[in-house]
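1. Test case, fold it:
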Amino acid sequence: MIANHVHHALAQVRELQSKILERQRFNGYSGRARAICGTAALAAAAIMSSSHYPDATEAHALGWGTVALFGVLLNFGALIHWFLFDPRVKRNIRKLKPTLDALPPILVGGILTGVLLSNGLHEYLFGTWMCLFGLANLASRHVLPRRIWMVGTYYILCGAICLIFPIVSFTNPWPMGLVFFVGEWAGGIILHHDGTHRISITEIIYMFLKPREKKHA
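-> From the prediction side, this is the model:
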């Protein structure tokens with residue numbers, strides 16, 4: 001009898017923890033937006049690796065800056081759409097508080113980018129961007145699906161390799177394009193499915209082709 005009561009109590013505790021985590025979960029980030037940004041990074045790598053694109057540091061810095069701006073606008077647009085039209089949010093500005101967790105690594109990334117470029121240390125840019133983006137993912141792990149920590153760790157490991165062995169030229173865009181393509185698609189799938197079940201290739205394709213469904217309260 002005592003054992004049954006203990007198991008019942010533990011089950012209630014787990015259920016309560018699940019409900020608390022669900023209330024804390026931040027749903028403002030779009031999985032589709034992340035996957036699109038990853039695809040944009042790969043497309044940018046293909047463009048910048050072509051013979052028609054200038055083989056100069058400034059041109060490649062401008063190219064990646066354009067990709068970053070596109071990513072910010074797309075994700076910010078998806079966030080604003082969620083804030084304005086999701087009936088569960090009720091346009092409560094406090095619901096946007098979790099976005100502040102990712103701001104410090106991004107701001108530091110902007111500062112380091114300017115410093116490295118101005119000192120001619122552009123070979124360290126890829127590694128710096130990857131590491132800081134990984135930190136931004138880890139900083140949000142408490143309010144996002146738990147598997148997002150794997151994406152953050154992946155970016156940090158890739159960035160560490162690029163920083164420790166800076167043998168890849170900054171004008172070779174493929175390392176950056178491939179790392180962010182894989183990372184953003186992984187992050188997008190985790191956000192979209194919320195880590196609730198295993199995902200097949202068919203589900204991944206369908207996820208980005210089907211019309212977006214309206215959420216109800």
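
2. for this structure, which spans come out with low pLDDT?
-> The model of the chain has pLDDT under 70 over residues 1-24, 195-217.

3. got the residue ranges for the helices in it?
-> Along the chain, the stretches classed as helices by DSSP state H are 2-24, 31-48, 57-85, 103-118, 125-139, 148-164, 174-193, 201-209.

4. Nearest to residue 93 among these would be which one?
-> Closest to residue 93 of the helices of the chain, according to CB to CB: helix 57-85, at 8.4 Å. C-beta: built from backbone N, CA, C; applies to glycine.

5. export the helices of the chain to CSV and tack on mean neighbour count and distance to residue 93?
-> Formatted as CSV, these follow (neighbours: other CB atoms under 10 Å; distance: least, CB to CB, whole Å):
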stretch, mean neighbour count, distance to residue 93
helix 2-24, 9, 17
helix 31-48, 20, 21
helix 57-85, 15, 8
helix 103-118, 14, 16
helix 125-139, 22, 20
helix 148-164, 19, 24
helix 174-193, 22, 22
helix 201-209, 11, 30
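
6. count of neighbours near residue 147?
-> Residue 147 has 16 neighbours, counted by other CB atoms under 10 Å.

7. Can you tell me how far the closest residue in space to residue 130 that isn't next to it in sequence is from residue 112?
-> In space, residue 130 comes closest to residue 159 once its chain neighbours are excluded; the distance is 3.1 Å by CB to CB, 6 or more residues apart in numbering. Residue 159 is 12 Å from residue 112, where distance means CB to CB, to the nearest Å.

8. between these two, what contacts are shared?
-> Residues touching both residue 159 and residue 112 by CB atoms under 8 Å, 6 or more residues apart in numbering: 128, 132.

9. re earlier: can you add distance to residue 97 and give the helices of the chain back as a markdown table?
-> Output for those, formatted as a markdown table (distance: least, CB to CB, whole Å):
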| stretch | distance to residue 97 |
| --- | --- |
| helix 2-24 | 11 |
| helix 31-48 | 20 |
| helix 57-85 | 12 |
| helix 103-118 | 11 |
| helix 125-139 | 13 |
| helix 148-164 | 17 |
| helix 174-193 | 18 |
| helix 201-209 | 28 |
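
10. Cool, thanks, signing off.
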